[in-house]
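Q: Predicted coordinates and the sequence they were generated for:
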Amino acid sequence: MNIKFLLIILSYISITLAATLTCKQVKKQICSSCNDDNFQCKTDGNGKIYSLLINNQNFSNGIPENIFSITSLKDLYLVNNNITSIPQNIVNLKNLRRLDLRTNKLTTISKYVGQLSNLKYLKLSNNDISSLPSFIGNLKSLLSLYFSNCKLTSIPTSIGNLSNLEKLLLKKNKLESIPDEIGNLKKLNELLLANNYLRVIPDEIGNLKNLNELILDNNCLDTIPNTIDADKVSVSFEQNSISYCLSCTELKEIACEKCNSDDFKCETNSKGYINSLTIKNQHFSYTDTNKFPTIITKIISLEKLELIHDGINVFPGIKKLINLQELNLDNNLFLESPSGIEQLTKLQILNLGSNSLGKFTGLEKLINLQELNLGSNSLGKFTGLEKLINLQELNFSNNYLFEFPNIEKLINLQKLYLNGNLYFEIPSGIKELNKLQILDLRNNYITSLPSEFKNSDIEILI
Ligand SMILES: *[C@@H]1O[C@H](CO)[C@@H](O)[C@H](O)[C@H]1NC(C)=O
Ligand SMILES: *[C@@H]1O[C@H](CO)[C@@H](O)[C@H](O)[C@H]1NC(C)=O
Ligand SMILES: *[C@@H]1O[C@H](CO)[C@@H](O)[C@H](O)[C@H]1NC(C)=O
Ligand SMILES: *[C@@H]1O[C@H](CO)[C@@H](O)[C@H](O)[C@H]1NC(C)=O
């Protein structure tokens with residue numbers, strides 16, 4: 001027998017063998033000690049393997065070659081195997097309709113995947129893939145595409161070519177936008193986009209007439225397009241704020257481009273969200289109310305805000321800053337308390353000194369206040385103060401006050417500045433304030449200290 005002939009026979013045998021591999025052989029070759037959870041293999045009526053599952057193995061050196069000789073395979077599951085790449089041989093699996101490579105160590109998607117034109121289900125969630133190549137648009141049979149918890153920063157416009165797609169899972173990535181072409185996916189019914197950095201959703205989303213579920217939680221969205229039919233689509237839109245995207249540099253450009261560095265200060269917390277902002281010496285609404293940088297009311301992560309000497313007389317949307325603990329609006333032009341301020345119930349420090357306040361509405365709601373400065377305003381009287389039992393420091397200097405109801409309730413008060421008002425006598429109830437250290441009553445109409453205060457530990461200035 002000549003050698004050539006022998007070789008032909010041998011290679012014929014090996015091809016036939018490969019094509020007719022049994023499940024038993026595959027297990028022996030690849031995963032002999034696997035249990036039933038980690039190895040599952042199914043054959044069709046002709047004894048050909050159409051489904052293979054091998055999970056929880058260590059394929060960090062590569063997917064075993066033998067798998068790519070099973071050309072009858074339709075479903076291949078290789079989950080949690082530390083796979084780092086998809087080899088060219090994958091193109092042998094022309095019949096593949098399901099490829100599940102979730103929870104591996106892939107950083108890219110091999111271009112050969114783009115040739116698996118029969119794929120219906122492609123699952124690549126929980127990998128380190130940073131880019132979705134445009135050849136994904138070639139997989140026209142796709143019904144489901146799973147890319148959750150990867151590192152995608154963008155989606156190619158070719159996604160719009162997947163006209164059969166029904167499910168698109170993209171949650172937990174780094175997407176800042178999605179292409180308008182998403183609107184071409186006429187069969188899409190589930191679109192999961194939670195936990196990204198999306199700032200806007202294209203209006204074309206309204207073209208998705210089969211959409212049932214749209215999850216947008218934890219993004220940077222202001223609103224959702226009004227093209228979405230709220231009766232048909234279940235939209236989830238929790239925890240959205242520009243806060244989660246904005247950098248201090250960007251904020252300066254938007255809010256105060258020409259501010260010098262002394263007048264603009266901005267800090268972020270450990271998550272990168274802006275939590276502290278100071279803007280001083282601007283002219284926001286002095287001449288033109290439209291100049292107020294409304295972007296500020298969108299930074300809901302703010303805990304400390306100082307807008308000092310900025311010519312402000314209105315603060316639209318202040319109530320949205322629900323995380324504020326410290327608010328300093330000293331030296332502005334407010335005639336009354338900013339509308340909605342009473343909703344900022346986490347406030348501990350509030351300074352509205354040196355404005356022109358004639359009244360303060362809702363003060364009684366700010367029960368966590370420890371320091372309140374309403375000095376140098378035009379207050380004649382106000383109500384609700386007695387509820388603020390956490391107050392330690394209270395500055396009412398230089399107003400028009402002459403009475404002070406229920407002050408004895410402010411049992412934590414240490415410093416009380418009432419200088420420059422219209423008092424004729426020391427407000428009754430002061431004696432009950434055991435923690436009081438300083439009482440400033442200068443520049444009132446009080447001429448002498450009653451005897452009961454003569455030997456008190458309180459430093460009283462008259
Ligand atoms: C996985 O396999 C690689 C290569 O054989 C080896 O270096 C590594 O230690 C293995 N890891 C585990 C967790 O078994
Ligand atoms: C994958 O690799 C990691 C470390 O690189 C190891 O802790 C883990 O056990 C491996 N997984 C498998 C299934 O071998
Ligand atoms: C696929 O998408 C791209 C980008 O949107 C487009 O230019 C191209 O014409 C599409 N191809 C097919 C075959 O639909
Ligand atoms: C009280 O408030 C006024 C106006 O802000 C300020 O000028 C003054 O220094 C404050 N007094 C104290 C003791 O802080």
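A: Sure, I can see it. This is a predicted model, so every value here is computed, not measured. Residues are numbered from 1 along each chain as shown. Ligands and ions are numbered 1, 2, ... in the order given.

Q: what's the pLDDT at residue 459?
A: Looking at residue 459, its pLDDT is 88.

Q: show me the residues around it that make contact.
A: 437, 438, 439 (C-beta atoms under 8 Å, 6 or more residues apart in numbering). Yep, even glycine has a C-beta here, placed from its N, CA and C like the rest.

Q: roughly how far apart are the first one and residue 386?
A: So the one you mean is residue 437. 20 Å (C-beta to C-beta, to the nearest Å).

Q: Would you mind putting the CA coordinates of stretch 346-358 into CSV?
A: Taking C-alpha atoms only, stretch 346-358 is exported to CSV below (Å, rounded to 0.1, in the frame of the first residue of the first chain):
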residue,chain,number,x,y,z
LYS,A,346,-30.7,66.9,56.4
LEU,A,347,-29.4,70.5,56.9
GLN,A,348,-27.3,70.9,59.9
ILE,A,349,-25.8,74.3,59.1
LEU,A,350,-27.7,77.1,57.4
ASN,A,351,-26.4,80.5,56.7
LEU,A,352,-28.7,83.1,55.1
GLY,A,353,-27.0,86.0,56.9
SER,A,354,-26.7,89.4,55.2
ASN,A,355,-29.7,89.1,52.9
SER,A,356,-32.9,91.1,53.1
LEU,A,357,-35.2,88.4,54.6
GLY,A,358,-38.5,89.7,55.9
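
Q: Now do the contacts for residue 51.
A: 40, 41, 42, 73, 74, 75, 76.

Q: and the first one, which of the three is it?
A: With DSSP: H, G, I helix; E, B strand; the rest coil as the basis, residue 40 sits in strand.

Q: nearest residue to it other than its sequence neighbours?
A: residue 53 (4.1 Å; C-beta to C-beta, 6 or more residues apart in numbering).

Q: That neighbour reaches residue 80, doesn't it?
A: No - in this structure residue 53 lies outside contact range of residue 80 using C-beta atoms under 8 Å: 11.3 Å.

Q: How many neighbouring residues does the residue nearest to residue 40 have?
A: The tally of other residues near residue 53 (other C-beta atoms under 10 Å) stands at 18.

Q: Check which helix or strand it maps to.
A: strand 49-54 (DSSP states H and E).

Q: after that strand, next one along is what?
A: Taking DSSP H and E, what comes next after strand 49-54 is strand 75-77.

Q: what's the offset of that next one from the middle of its chain?
A: With C-alpha atoms, centre = their mean, to the nearest Å as the basis, strand 75-77 stands 35 Å off its chain's centre.

Q: What strands line up against it, and which way round?
A: In the sheet, strand 75-77 lines up against strand 49-54 (parallel), strand 98-100 (parallel) (DSSP bridges).

Q: Kindly reformat those as a markdown table and extend each row with distance to ligand 3 and mean pLDDT.
A: Compiled in a markdown table, the strands paired with strand 75-77 are given as follows (distance: least, C-beta to the nearest ligand atom, whole Å; pLDDT from 0 to 100):
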| stretch | distance to ligand 3 | mean pLDDT |
| --- | --- | --- |
| strand 49-54 | 29 | 96 |
| strand 98-100 | 21 | 98 |
